[in-house]
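Asks: Predicted model follows, preceded by the sequence.
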Amino acid sequence: MCGICGKVNRDPDAPVDKGTLHRMAKALAHRGPDSEGFFVNDHVGLAHRRLAIIDLSPDGTQPMSNEDGSIWIVFNGEIYNFHELRDALVRKGHSFRSRTDTEVIVHLYEDLGPEALRALRGMFALAIWDAKHRQLLLARDRLGKKPLYYCAGPSCFAFASELQSLLEDPSIPRVPDLEAIRYYLTYRYVPSPFSAFQGIRKLPPAHYLALKDGQFRVNRYWALRYAEKSHESEGALAERLRGSLEEAVRLRMISDVPIGAFLSGGLDSSAVVALMGRLSGGPVKTFSIGFEEQAFSELPYARAIARRFGTDHHECVVRPDAVGILPLLVRHFGEPFADSTAVPQYYLSKLAREYVTVVLAGDGGDEAFGGYDRYVAAMATRPTDHIPSPMRNGLARVIGRLSKYPLSTPFLQRTGRVLRALSDDPQRRYVRWMSHFDMQQQAAMFSRAFLKQVREIDPERLILDAYKDTDAAHPLDATLDVDVNTYLPDDLLAKVDITSMANSLEVRAPLLDHPLMEFAATLPPSLKIQGLDKKYLLKRAMADLLPAEILNRPKQGFIVPIDRWFRHDLQEMAYDTLLDSRSLGRGYFRPGAVKRLLDEHVGGVQNRHRQLWSLLMLELWHRCFIDQ
């Protein structure tokens with residue numbers, strides 16, 4: 001796992017400034033603390049920071065080239081099928097100087113060009129300079145596990161693994177992108193292809209960018225397909241699922257450095273740990289996080305799994321003062337990011353890095369097999385779509401009045417959002433469930449000046465367009481695909497990448513193995529959710545390994561007690577920061593509306609912690625990157 005960056009000047013006679021390239025690389029030192037490398041050839045420069053995982057010798061140093069030096073690569077990630085790809089390339093006459101997966105990509109590109117991406121099984125962000133064709137190729141893995149930002153400026157094209165690296169180039173301005181900020185306030189993250197800065201973009205997952213003669217194009221090379229369904233028996237499909245997941249775990253246990261696993265005690269991470277235990281020659285090192293507030297802590301379930309499989313188990317408890325790392329997280333994310341679970345995720349990664357360099361995690365199981373309560377709600381509310389609209393609107397108004405009372409638990413909060421959305425059509429209903437500030441709340445919050453600037457921007461299009469792009473016929477499959485293309489890469493995987501790499505830790509996700517995801521897409525929806533039973537087939541596939549209390553426990557999720565923290569330990573900080581003249585002077589929000597949010601939450605009138613956390617992270621981002 002590594003950090004990559006580089007520049008291509010539009011003027012071929014203008015050499016890349018080596019000082020800028022070195023500063024960009026230095027900003028990525030946490031992603032690759034073991035070594036650094038540079039390739040500079042006139043108007044082209046590539047840089048790499050290495051976290052050594054496979055082939056720890058100097059032979060694995062990047063940038064790396066082919067035999068004649070006509071192709072150079074910087075690569076971040078892991079290719080799990082590189083052994084078989086290497087064997088095939090050797091049979092075709094290619095010679096290798098290292099045992100790395102990086103060199104496999106170089107020779108595969110020699111033979112196939114961009115089509116080489118389809119052969120890669122793993123997680124990656126990469127840049128290839130093809131001197132013969134004078135072309136730069138950027139690419140990102142299918143599910144978006146590894147990030148990649150780029151800026152096509154008037155004098156150069158620059159790219160980097162993280163925004164803080166890209167912003168080391170003084171030619172790139174630090175101007176907020178108001179469209180991105182409106183997306184952020186709606187969903188709590190900035191979705192691809194946007195970034196929080198004007199002129200900087202994210203390369204979307206499953207896409208590559210080809211730059212030649214100052215012009216570039218972005219193409220998609222992969223997408224999940226849900227239209228064709230398997231007709232095998234339930235038992236056969238469960239057996240296939242078990243075998244596919246075990247293979248995905250086995251491939252991700254290949255490492256020349258110590259390896260472990262994140263363990264929450266939920267189905268997905270427990271399944272990964274159980275299979276690791278079967279494949280490992282000794283106890284698996286496992287790592288769990290919890291909270292002082294027992295209602296939010298999953299540590300008892302994690303301990304049960306650790307005892308069952310005899311793991312070498314380690315724990316950490318997160319307290320309210322943990323938010324002291326917020327300025328550090330803001331700098332690493334480079335843009336506002338309001339998923340509060342980034343805080344415990346950072347501490348979990350920090351704990352794991354004390355013992356190992358690589359961990360396996362359970363990310364992706366919910367999106368592949370139907371694990372969220374909102375999927376059950378989407379199916380449960382389908383019958384209401386046949387109720388005449390006036391009646392649904394009346395029911396929604398009643399629910400709206402009831403929701404004025406405090407919603408004291410996460411379950412009741414989610415239930416309230418579900419019921420209030422009954423008046424919407426199914427797709428817009430899902431938009432509302434996924435929104436932290438819906439359109440009505442934004443209209444009440446935004447200042448007149450800001451509202452005028454963003455009036456033409458419709459953030460709901462993000463999800464509505466994703467529904468249009470899917471080939472899924474069933475509503476459940478369509479919603480899974482929407483999450484795979486929005487929430488999964490831009491929220492969950494961005495969080496895991498940034499918090500783990502801030503601690504120089506590599507995270508691998510077997511459930512996001514793309515052949516396994518493709519298999520899951522062929523499963524009938526009835527094998528994903530049956531009534532209130534989520535991830536039905538995955539549970540059947542793991543039934544002989546995992547105890548019933550894990551298979552059947554309600555999904556708790558990684559929930560942080562931010563609502564309580566805002567009423568106690570964080571109350572003073574929230575008022576001082578959000579009502580500060582600097583914050584209000586940015587002109588985004590009505591001062592009275594911000595104070596009302598704070599007062600309602602602290603007074604217990606309404607639970608506003610999601611909105612308050614979004615405002616807080618936006619303000620901290622401004623102070624870190626814009627107020628300079």
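Replies: Nice, thanks for sending it over.
Asks: how deep is the closest residue to Leu329 other than its chain neighbours tucked in, by neighbour count?
Replies: What sits nearest to Leu329 in space, not counting adjacent residues and going by C-beta to C-beta, 6 or more residues apart in numbering, is Ala342, at 5.8 Å. Backbone N, C-alpha and C define where each C-beta goes, glycine included. A count of nearby residues for Ala342, using other C-beta atoms under 10 Å, gives 24.
Asks: Kindly report the same for Ser244.
Replies: By other C-beta under 10 Å, 19 other residues sit near Ser244.
Asks: Got phi/psi on the closest residue in space to Leu476 that isn't next to it in sequence?
Replies: Of all residues not flanking Leu476 in the chain, Pro525 sits nearest, at 4.3 Å (C-beta to C-beta, 6+ apart). Here is the backbone geometry of Pro525 (degrees, to the nearest 10): phi -50, psi -30.
Asks: How about the contacts made by Pro525?
Replies: Going by C-beta atoms under 8 Å, 6 or more residues apart in numbering, Pro525 touches Gly370, His474, Leu476, Asp477.
Asks: For these, pick the one with the most neighbours.
Replies: Gly370 (28 neighbours).
Asks: which ones are touching that residue?
Replies: Shown in contact with Gly370 (C-beta under 8 Å, 6+ apart): Leu476, Leu480, Pro525, Lys528, Ile529, Lys534, Lys535, Tyr536.
Asks: and if we set it to 7 Å?
Replies: Each residue near Gly370 by C-beta atoms under 7 Å, 6 or more residues apart in numbering is listed here: Leu476, Leu480, Lys528, Ile529, Lys534, Lys535.
Asks: again, but for Pro173
Replies: Per C-beta under 7 Å, 6+ apart, neighbours of Pro173: Gly199.
Asks: And for the one 4 residues further on?
Replies: Asp177 is in contact with Phe194, Ser195, Ala196, Phe197, Gln198, counting by C-beta under 7 Å, 6+ apart.
Asks: what about the closest residue to Lys146 other than its chain neighbours, how many neighbours?
Replies: Excluding the flanking residues, the one nearest Lys146 by C-beta to C-beta, 6+ apart is Ala125, at 3.9 Å. Ala125: 27 surrounding residues under other C-beta under 10 Å.
Asks: What of the one 3 residues further on?
Replies: A count of nearby residues for Ile128, using other C-beta under 10 Å, gives 24.
Asks: where does the residue lying closest to it once chain neighbours are set aside sit relative to Ser155, distance-wise?
Replies: Excluding the flanking residues, the one nearest Ile128 by C-beta to C-beta, 6+ apart is Leu137, at 4.4 Å. Here the criterion is C-beta to C-beta, to the nearest Å. By it, Leu137 lies 21 Å from Ser155.
Asks: so how far is Leu512 from the residue most central in space within the chain?
Replies: The centre of the chain sits closest to Leu493, judged by C-alpha atoms, centre = their mean, with a distance of 1.8 Å. Going from Leu493 to Leu512 by C-beta to C-beta gives 8 Å.
Asks: Find the residues that touch each one of the two.
Replies: Counting by C-beta under 7 Å, 6+ apart, the common neighbours of Leu493 and Leu512 are Leu143, Lys145, Asp363.
Asks: what secondary structure does the first one sit in?
Replies: Recorded secondary structure, Leu143: coil (DSSP: H, G, I helix; E, B strand; the rest coil).
Asks: do the same with the last one
Replies: Put simply, Asp363 is coil when judged by three-state DSSP.
Asks: Tell me, how many residues neighbour it?
Replies: Neighbours around Asp363, by other C-beta under 10 Å: 24.
Asks: Now do the same contact list for it.
Replies: Contact analysis of Asp363 by C-beta under 7 Å, 6+ apart lists Leu492, Leu493, Val496, Ala509, Leu511, Leu512.
Asks: Tell me, how many residues neighbour the first one?
Replies: If I follow you right, that is Leu492. The number of residues near Leu492, taken as other C-beta under 10 Å, comes to 22.
Asks: That one in helix, strand or coil?
Replies: helix.
Asks: how far away is Met439 from Val190?
Replies: Counting by C-beta to C-beta - Met439 and Val190 are separated by 18 Å.
Asks: Comparing those two, which residue is more hemmed in?
Replies: For Met439 versus Val190, neighbours defined as other C-beta under 10 Å are more numerous around Val190 (26 against 15).
Asks: Could you measure from the more buried one over to Ala443?
Replies: 21 Å.
Asks: Other residues contacting stretch 92-107?
Replies: Residues contacting stretch 92-107 (C-beta under 7 Å, 6+ apart): 54-55, 59-60, 62, 64-67, 71, 73, 75, 78-79, 82, 85-86, 89, 116, 126.
Asks: how about Glu239, secondary structure?
Replies: helix.
Asks: Show me what the host helix or strand of Gln164 is packed against.
Replies: Per DSSP states H and E: Gln164 is located in helix 163-166. Helix 163-166 is packed against strand 149-152, with contacts defined by 3 or more C-beta pairs under 7 Å, 6 or more residues apart in numbering; DSSP states H and E.
Asks: Just the buried residues of the strand it packs on, please?
Replies: By neighbour count with 16 or more other C-beta atoms under 10 Å, strand 149-152 contains the buried residues Tyr149, Tyr150, Cys151, Ala152.
Asks: Disregarding residues adjacent in the polypeptide, which is nearest to Trp222?
Replies: Ala206 (4.4 Å).
Asks: Over to the one you found: give its phi and psi.
Replies: Torsion angles, degrees, to the nearest 10, at Ala206: phi 60, psi 30.
Asks: And Leu137, by the same measure?
Replies: phi -120, psi 120.
Asks: returning to what we had before: any of the contacts of stretch 92-107 buried? List them.
Replies: Neighbour-count burial (16+ other C-beta under 10 Å) applied to these gives 54-55, 60, 62, 64-66, 71, 73, 75, 78-79, 82, 85-86, 89, 116, 126.
Asks: In helices, which of these appear?
Replies: Phe82, Leu85, Arg86, Leu89 (DSSP state H).
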